[in-house]
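Chemist: can you look at this prediction? I've put the sequence above it.
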Amino acid sequence: MAVGVPLAAALGACTFTEPGTGAPKGSVLDRGRRQGYLRVAVFNEPPYTKLEVDGTVTGAEPDVLRAVLQRLGIDDIRGARIEYDAMIPSLKSGQVDVIAAGLFMKQSRCAEVAYSEPVIVSTESFAVPPGNPAGITTIRDVLDNPGMKIAVLPGGFEEGILIAAKVPQSQRVIVRDNVSGVESLAAGRVDAFLLPTLSLRGMAQVNKSFEVTDPIEDAPATGSGAAFEQSQTDDVARYNEVLDEFKKGPEFADIMQRWGFDAEAALGVTTAELCEAEG
């Protein structure tokens, strides 16, 4: 799965629905207890999610999900790499049981899935060539320069930021993954690559071909939590009870610190607030 094995092949006999029948019925937590794991949609975007070569899924969101599920009697999670614009359809079709991928909350997504309370609260930045020759630091800069092109992931929160700000489609360049975004920047095909600040900073530690701007002042703050199928309201409520206790303890802070996040940032923010983000 770490190298993009097609989802159907990756899940194989693990799927609990017939083609076209939609998500499985009944409690997702009960199903996880029976089978010993839940199938989780991830990308491969450290520090939010990370897929190891052996298929093990880690990262801030999966590590929290795993710890909370273990407290609910579910031993582990199994990751499937799915692109952001396909995650919600995969959840609805029953190919996965939950999303834990830094799938940031916004109005359109909150209308389609049942999010847990936030685990991560994040900011956005631009990857720019060394010296930032275009001087780009805000979304307003993009709007004021019609010739400027910005790389974004398909279906990602960042694409939604540009759409909500009415950045023309001609200025939005879709790239399939983080590597493609950085390559497009280095080749001069785009002027900047818009991504969460921590993702870019992590990439910049091993790739010196770009700089990371300060957090963008006019980009909305957002966050993410585990996303379940909409019918799972009772299970999400139970998950939130355990998550709330977990967030108050040292293990949550340890996970957040390990991946470079501020644990305190998620304590004063609610899903209802984050779901007000446009897009």
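Modeler: Yes, it's here. Numbers count the residues shown, from 1 in each chain.
Chemist: in which helix or strand does the spatially most central residue of the chain reside?
Modeler: In the chain, the centroid-proximal residue (CA atoms, centre = their mean) is residue 102; its distance is 2.0 Å. Assessed by DSSP states H and E, residue 102 sits outside every helix and strand.
Chemist: if I pick it, what's in contact with it?
Modeler: Residues in contact with residue 102 (CB atoms under 8 Å, 6 or more residues apart in numbering) are 43, 45, 48-49, 60-61, 120, 122, 196, 224. The way it works is simple: take the backbone N, C-alpha and C, and place the C-beta from them, glycine included.
Chemist: what score does it have for pLDDT?
Modeler: For residue 102, the pLDDT comes out at 92.
Chemist: the strands in the stretch 1-150 of the chain, which residues?
Modeler: 37-42, 50-51, 57-58, 76-81, 98-99, 113-115, 120-122, 124-128, 150-152 (DSSP state E, counting those that start in this stretch).
Chemist: Serialize those to a markdown table and add fields for distance to residue 279, mean neighbour count and mean pLDDT.
Modeler: A markdown table is the format used below for the strands of the stretch 1-150 of the chain (distance: least, CB to CB, whole Å; neighbours: other CB atoms under 10 Å; pLDDT from 0 to 100):
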| stretch | distance to residue 279 | mean neighbour count | mean pLDDT |
| --- | --- | --- | --- |
| strand 37-42 | 19 | 24 | 97 |
| strand 50-51 | 26 | 22 | 92 |
| strand 57-58 | 26 | 22 | 96 |
| strand 76-81 | 23 | 21 | 95 |
| strand 98-99 | 17 | 28 | 98 |
| strand 113-115 | 14 | 21 | 98 |
| strand 120-122 | 15 | 23 | 89 |
| strand 124-128 | 12 | 25 | 97 |
| strand 150-152 | 12 | 25 | 98 |
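Chemist: tell me, how many residues neighbour the nearest residue to residue 60 once chain neighbours are set aside?
Modeler: Computed as CB to CB, 6 or more residues apart in numbering, the closest residue to residue 60 that is not its neighbour in sequence is residue 259, at 4.0 Å. Neighbours of residue 259 under the rule other CB atoms under 10 Å: 21.
Chemist: isn't residue 259 up against residue 59?
Modeler: Yes. With contact defined as CB atoms under 8 Å, residue 259 counts as touching residue 59 (6.5 Å).
Chemist: residue 234 and residue 198, how far apart?
Modeler: Counting by CB to CB, to the nearest Å, the gap from residue 234 to residue 198 is 33 Å.
Chemist: likewise for residue 29?
Modeler: Distance of residue 29 to residue 198, given as CB to CB: 30 Å.
Chemist: again, but for residue 63
Modeler: Taking CB to CB, one finds residue 63 at 15 Å from residue 198.
Chemist: give the contact list for the spatially closest residue to residue 108 that is not a sequence neighbour.
Modeler: Of all residues not flanking residue 108 in the chain, residue 279 sits nearest, at 6.1 Å (CB to CB, 6+ apart). If you count contacts by CB under 8 Å, 6+ apart, residue 279 has them with 106-108, 157, 160-161, 163-164.
Chemist: okay, residue 279 and residue 148: tell me how far apart.
Modeler: Counting by CB to CB, the gap from residue 279 to residue 148 is 20 Å.
Chemist: related to what we said a few turns ago, number of residues surrounding the residue nearest to the residue nearest to the centre of the chain when sequence neighbours are not counted?
Modeler: Leaving aside its chain neighbours, residue 102 sits nearest to residue 48 (3.2 Å; criterion: CB to CB, 6+ apart). For residue 48, the count of nearby residues is 27 (other CB under 10 Å).
Chemist: and residue 48, how far from residue 120?
Modeler: 7 Å.
Chemist: I'd say residue 32 and residue 97 touch.
Modeler: Yes. If you go by CB under 8 Å, residue 32 and residue 97 touch, sitting 6.8 Å apart.
Chemist: out of the contacts of residue 102, who's nearest residue 79?
Modeler: residue 49 (7.6 Å; CB to CB).
Chemist: and the closest one, how many neighbours?
Modeler: Residue 49 - counted by other CB under 10 Å - has 25 other residues nearby.
Chemist: show me what contacts it?
Modeler: 42-43, 57-62, 79, 100-102.
Chemist: what's the spacing between it and residue 111?
Modeler: For residue 49, the distance to residue 111 - CB to CB - is 23 Å.
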